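Undergrad: Predicted model and sequence follow; I will ask about them next.
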Amino acid sequence: MKQYEVSTMLESVIAFMNQNKNVQKLQLINHLRENGAFEKSFELCSKFIEWLKIQKFIKISNPFYGYLKLTDKFLEWQKESKSIYISEKTFQTIQENYQLLMGLKLIRKIIADEKGLDLFKVCPNYMLEKLAFYQPDSIDKVFKISGFKEWKGDTQWHRYVEAIQEWKLKQNNDYQLSA
């Protein structure tokens, strides 16, 4: 199975973000492409940024403008300077289906409104991104994702699982109809 060694790309991300203030995802993707990352593939560079978010190497510091920020975890990696490899299968499983993520955010908003809570107290963005990435179709699978079992928010996981199940069913039906 093909693997991508991404350490030089990670160093490039750090350098770019340290040199530029208020970096957005598209700027970072273009920077990686200009430097020849993933043979200048927009899709793979975009999925790489999503992988960085899932791994908690970067986070969105300003959701309104979409500015990205390096995390302490990323800076720790920089000190250790270990090589990191990403398998092709990992990239294939990163589904940038914003429809699913937006649906999960809508569920969170409904729960927050019902309970009178802030959105981040119901479920932080990084957890929703992990749900969209792993697409667990049962509560047991949700709790196998790192950090989910320990989360104390009033999240109502079953509502997210139901949405993921419906989304998967729709994806399978759309695929079967077009085949």
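TA: Yes, it's here. Note that the coordinates shown come from a computational prediction; the quantities given were computed from them, not determined experimentally.
Undergrad: isn't S7 right next to I86, touching?
TA: No - under the criterion of Cβ atoms under 8 Å, S7 is not in contact with I86, lying 10.6 Å apart. (Each C-beta comes from the backbone N, C-alpha and C, glycine too.)
Undergrad: more crowded one of those two?
TA: For the pair S7 and I86, the greater number of neighbours falls to I86 (19 against 14), based on other Cβ atoms under 10 Å.
Undergrad: Could you verify that that one is part of a strand?
TA: Yes - assigned with DSSP: H, G, I helix; E, B strand; the rest coil, I86 falls within a strand.
Undergrad: Backbone dihedrals for the residue lying closest to it once chain neighbours are set aside, both of them.
TA: Among residues not flanking I86 along the chain, Y4 sits closest, at 5.0 Å (Cβ to Cβ, 6 or more residues apart in numbering). Here is the backbone geometry of Y4 (degrees, to the nearest 10): phi -110, psi 130.
Undergrad: I figured Y4 hits Y85, correct?
TA: Yes - in this structure, Y4 is within contact of Y85 by Cβ under 8 Å, at 6.7 Å.
Undergrad: The two - which one has more neighbours?
TA: The neighbour count for Y4 versus Y85, taken as other Cβ under 10 Å, is higher for Y4 (16 against 10).
Undergrad: List the residues that contact that one.
TA: Shown in contact with Y4 (Cβ atoms under 8 Å, 6 or more residues apart in numbering): F38, Y85, I86, S87, E88, F91.
Undergrad: From the residues you listed, pick the one nearest H158.
TA: H158 has its nearest neighbour among the contacts of Y4 in F91, at 29.9 Å by Cβ to Cβ.
Undergrad: hmm, back to that, can you list the contacts of Y4 in JSON lines and add pLDDT and distance to L100?
TA: Below are those laid out as JSON lines (pLDDT from 0 to 100; distance: Cβ to Cβ, whole Å):
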{"residue": "F38", "pLDDT": "89", "distance to L100": "24"}
{"residue": "Y85", "pLDDT": "88", "distance to L100": "27"}
{"residue": "I86", "pLDDT": "87", "distance to L100": "21"}
{"residue": "S87", "pLDDT": "85", "distance to L100": "22"}
{"residue": "E88", "pLDDT": "83", "distance to L100": "22"}
{"residue": "F91", "pLDDT": "79", "distance to L100": "17"}
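Undergrad: Using JSON lines, lay out those residues together with distance to K130.
TA: Formatted as JSON lines, the contacts of Y4 follow (distance: Cβ to Cβ, whole Å):
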{"residue": "F38", "distance to K130": "23"}
{"residue": "Y85", "distance to K130": "21"}
{"residue": "I86", "distance to K130": "16"}
{"residue": "S87", "distance to K130": "18"}
{"residue": "E88", "distance to K130": "20"}
{"residue": "F91", "distance to K130": "16"}
